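**Student:** The sequence isn't on hand, but the structure is:
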């Protein structure tokens, strides 16, 4: 069975977009609070700053891939995790765009995010969409419909591995090797 995730893509994209707006708005209303949140998130990644490019690539790829697979698989339980995950990511992007936009200019900030975001964002939206699809399958099963959750789980995770993970591989390559070139050309 091929999962029909069109409506899930629309839902996840809408949550993502609304979360970006919310993060941007929150940052504009409380710049110090937004800076603190951004600092807290990126503080955990300080160790990677001085690593070589292959280590950085491996870290980015594995970090994003593991989170995407978890977002897909954990969607089995009502789709709550993938929606929360995409909302948090959108919110953080909104915060970063506002705070760094004030610091470096909005054009530079967006140009820094766009190269790898072109693949990374759709990949994460797809992973979360497969997760919310699983959540709806779970609800249908609870309602007594004939749903093979084990098979649906295999399908969703397989789609994530075959479609999302390769997209994240290329996005990590771009983030590691292209984005720094773009960023340095902006200074």
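**Tutor:** Now that the structure is in, tell me what you want to look at. These figures come from a predicted structure and were not determined experimentally.
**Student:** Pull out the buried positions in stretch 76-85.
**Tutor:** Burial within stretch 76-85, assessed by neighbour count using 16 or more other Cβ atoms under 10 Å, is assigned to 76, 79, 81-83, 85. All C-beta atoms are positioned from the backbone trio N, CA, C, and that covers glycine.
**Student:** Can you tell me which of these is nearest residue 38?
**Tutor:** Sorting the buried residues of stretch 76-85 by how near they are to residue 38, with Cβ to Cβ, puts residue 85 at the top with 17.9 Å.
**Student:** which residues does that closest one contact?
**Tutor:** 67, 71, 124, 128 (Cβ atoms under 8 Å, 6 or more residues apart in numbering).
**Student:** from what I can see the last one touches residue 73, true?
**Tutor:** This means residue 128. No - using Cβ atoms under 8 Å, residue 128 is not in contact with residue 73, being 11.4 Å away.
**Student:** Please say which of these two ends up with more neighbours.
**Tutor:** For residue 128 and residue 73, the more surrounded residue by other Cβ atoms under 10 Å is residue 128, and the numbers stand at 33 against 19.
**Student:** What helix or strand is the more buried one located in?
**Tutor:** For residue 128, the enclosing helix or strand under DSSP states H and E is helix 106-142.
**Student:** Packing partners of the one helix or strand residue 39 maps to?
**Tutor:** Under the criterion of DSSP H and E, residue 39 resides in helix 31-43. If you count contacts as 3 or more Cβ pairs under 8 Å, 6 or more residues apart in numbering; DSSP states H and E, helix 31-43 packs onto helix 6-29, helix 80-104.
**Student:** If we go by neighbour counts, what in the last one is buried?
**Tutor:** The neighbour-count check on helix 80-104 (16+ other Cβ under 10 Å) flags 81-83, 85-87, 89-101 as buried.
**Student:** On the three-state scheme, residue 144 is what?
**Tutor:** Here residue 144 is recorded as coil under DSSP: H, G, I helix; E, B strand; the rest coil.
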